[in-house]
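Asker: this one's sequence-less:
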């Protein structure tokens, strides 16, 4: 049997997927499973009419949905600018994404205030209220993690460490940010129609 001997892979060729990307995808799968479990529990609990009250979702949740969509668009523009080595444009769009992310957080807090104003409390007479707080609160925690990642991205962009030859940080942050954006859209639709 003839075997063709190939040289050992260099350090760059040792992996097919970047280790940070692999870890991010494992985290995304774990987060997806957590939210799938919680939304499944919501459906099961809603099937038991005892302790369940239907209510109108806060209008601020719709506004934050548009904010998270706008933030994903600005991050896409930042990525395109970085790929074209338009670093100043990339900085501006990354900063815009960061500002929109902060606006999303403020909007979520305002939505919770709308719920409190309508006497919808976390620990009240209905499990339905608790689910909304838990789902939106856990999502908010993941958005805050994304804001930290955006700050790192903005810092690296300012240090010219993000450009067409070094897109790993941009790609990681964009993947995570788009995931949490899509996750919010899913949660908003789920809570509105389920």
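Answerer: That came through fine. In this text, all values refer to a predicted model and were calculated from it rather than measured experimentally. Numbers count the residues shown, from 1 in each chain.

Asker: so how far is residue 83 from residue 97?
Answerer: According to CB to CB, to the nearest Å, residue 97 and residue 83 sit 16 Å apart. In short, each C-beta sits where N, CA and C put it, glycine included.

Asker: what about the two, which has more around it?
Answerer: Per other CB atoms under 10 Å, whichever of residue 97 and residue 83 has more neighbours is residue 97, with 27 against 15.

Asker: pretty sure the more buried one contacts residue 178?
Answerer: No. Look at residue 97 against residue 178 with CB atoms under 8 Å: they stay out of range, at 10.8 Å.

Asker: Touching both of the two, which residues are there?
Answerer: By CB atoms under 8 Å, 6 or more residues apart in numbering, residue 97 and residue 178 have these common neighbours: residue 75.

Asker: What about residue 187, how many residues nearby?
Answerer: 20.

Asker: now residue 160
Answerer: Applying other CB under 10 Å, we find 10 residues neighbouring residue 160.

Asker: Can you name the residues that contact it?
Answerer: Residue 160 makes contact with residue 87 under the criterion CB under 8 Å, 6+ apart.

Asker: same check, this time on the one 4 residues further on
Answerer: By CB under 8 Å, 6+ apart, the residues touching residue 164 are 82, 83, 84, 85.

Asker: what does the strand or helix carrying residue 77 contact?
Answerer: Using DSSP states H and E, residue 77 falls within helix 59-83. Helix 59-83 has contacts (CB under 8 Å, 6+ apart) with 87, 89-90, 92-94, 96-97, 100-101, 103-104, 107-108, 110-111, 114, 136, 157, 162-164, 167, 170-171, 173-174, 177-178, 180-181, 184-185, 188, 191-192.

Asker: Now, those residues that are in helices?
Answerer: Taking DSSP state H, the ones among the contacts of helix 59-83 that sit in helices are 87, 89-90, 92-94, 96-97, 100-101, 103-104, 107-108, 110-111, 114, 136, 157, 170-171, 173-174, 177-178, 180-181, 184-185, 188, 191-192.
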